[in-house]
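J.: Let's see this in three dimensions:
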Amino acid sequence: MAKLGIIPARYASTRFPGKPLIDINGKSMIQRVYEQACSAASLDQVVIATDDERIIAEIKRFGGEYALTRADHQSGTDRCAEVATKYPGFDVVINIQGDEPFIDPVQIDLLSSCFEDPQVKLATLIKKIYTEEELFNQSIPKVVLNSNQEAIYFSRQTIPFQRNKAPQDWLKAFQFYKHIGIYGYTTETLLRITQLEPSTLELAESLEQLRWLENGYKIKTKVTDLETFAVDTPEDLEIIIRIKGN
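T.: Numbers count the residues shown, from 1 in each chain. Have a look, this model is predicted:
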């Protein structure tokens with residue numbers, strides 16, 4: 001089963017314009033993401049999907065592979081779908097976030113392993129929540145699972161609600177999970193879901209994966225013990241540099 005890794009990268013960002021090009025200890029963020037993805041044993045090829053000539057110039061500088069995409073895509077998933085049509089012959093697409101410069105290749109391989117089951121069409125990663133700070137942070141999407149480790153629902157609210165229990169006791173009563181924003185799709189499924197109209201649940205929560213659930217798709221999950229560090233703001237960059245060092 002051939003797997004294509006795609007890294008969507010756009011220059012425009014409300015909170016951090018040009019962040020794919022920021023320097024992180026001598027390397028641009030997009031170079032770091034690309035090198036980490038290329039280290040994943042499960043991927044047969046990795047390509048950066050971008051619509052910006054400044055990002056393309058940087059990719060050429062470090063010798064990466066890129067695909068020029070339209071500028072009007074609403075999400076990284078849409079950008080991946082366009083690239084998938086330009087790279088025929090791949091069975092699975094792994095959508096790797098372009099703002100996680102230290103993503104561990106082990107996480108990419110874990111997600112890829114979901115597709116060893118031929119019934120899996122969509123997959124993502126989740127991580128156990130251990131702190132109240134994460135549990136009640138509305139910037140961190142939570143996910144509820146069924147007995148087959150498939151996602152039932154995602155929400156920025158803390159779900160499931162623990163009735164008759166004080167909030168400080170919720171972590172003792174239930175194992176909560178947060179969503180790790182890396183996706184895998186069979187190529188056929190990727191092309192189908194990007195033809196769907198935005199759904200009511202998606203618009204309510206601003207989470208695109210709810211569009212897939214609302215249209216009857218199943219999303220397989222696997223639990224990772226590794227943390228991810230996304231750069232959304234300049235402050236995030238400072239924190240990541242302190243944590244990672246190099």
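J.: quick one: contacts of the lowest-mean-pLDDT helix or strand in the chain?
T.: In the chain, no helix or strand scores lower on mean pLDDT, DSSP states H and E than helix 234-244, which sits at a mean of 79. With contact meaning CB atoms under 8 Å, 6 or more residues apart in numbering, helix 234-244 is reached by Phe16, Ile22, Ile24, Asn25, Pro101, Phe102, Phe229, Ala230, Val231. No exception for glycine: its C-beta is placed from N, CA and C like everyone else's.
J.: out of those residues, which is most surrounded?
T.: The most crowded member of the contacts of helix 234-244, judged by other CB atoms under 10 Å, is Pro101 (28 neighbours).
J.: residues in contact with it?
T.: Counting by CB under 8 Å, 6+ apart, Pro101 has contacts Ile24, Met29, Arg32, Val33, Gln36, Phe229, Val231, Ile240.
J.: Identify those among those residues that sit within helices.
T.: Met29, Arg32, Val33, Gln36, Ile240 (DSSP state H).
J.: are any of the residues you listed buried, and which?
T.: Met29, Arg32, Val33, Gln36, Ile240 (16 or more other CB atoms under 10 Å).
J.: quick one: which two of those residues are the most distant?
T.: Taking CB to CB, the two most distant members of these are Gln36 and Ile240; they sit 13.3 Å apart.
J.: Need the residues touching each of the two.
T.: Counting by CB under 8 Å, 6+ apart, the common neighbours of Gln36 and Ile240 are Pro101, Phe102.
J.: Which parts of the protein are strands?
T.: 3-9, 23-24, 27-28, 45-50, 66-68, 92-95, 122-128, 142-145, 151-155, 177-186, 220-223 (DSSP state E).
J.: Please identify which of those strands is closest to Ser199.
T.: strand 151-155 (12.3 Å).
J.: what comes up buried for the closest one?
T.: Neighbour count says strand 151-155 has Ala151, Tyr153, Phe154, Ser155 buried, by 16+ other CB under 10 Å.
J.: quick one: it to strand 177-186, angle?
T.: Between the axes of strand 151-155 and strand 177-186, defined by axes from the mean of the first three to the mean of the last three CA atoms, to 10 degrees, the angle is 120 degrees.
J.: which helices and strands does strand 151-155 pack with?
T.: Packing contacts for strand 151-155, counted by 3 or more CB pairs under 8 Å, 6 or more residues apart in numbering; DSSP states H and E, involve strand 142-145, helix 209-214.
J.: Leu68: which of the ones in helices among the contacts of Pro101 is nearest?
T.: Val33 (17.9 Å).
J.: So for the most centrally placed residue in the chain, what's the pLDDT?
T.: The centroid of the chain falls nearest to Ile182 when counting by CA atoms, centre = their mean (2.5 Å). Ile182 carries a pLDDT value of 95.
J.: Phe176 versus Thr200, what's the distance?
T.: Distance, Thr200 to Phe176, using CB to CB, to the nearest Å: 25 Å.
J.: Between the two, which has more neighbouring residues?
T.: Applying other CB under 10 Å to Thr200 and Phe176 shows that Phe176 carries more neighbours, namely 20 against 10.
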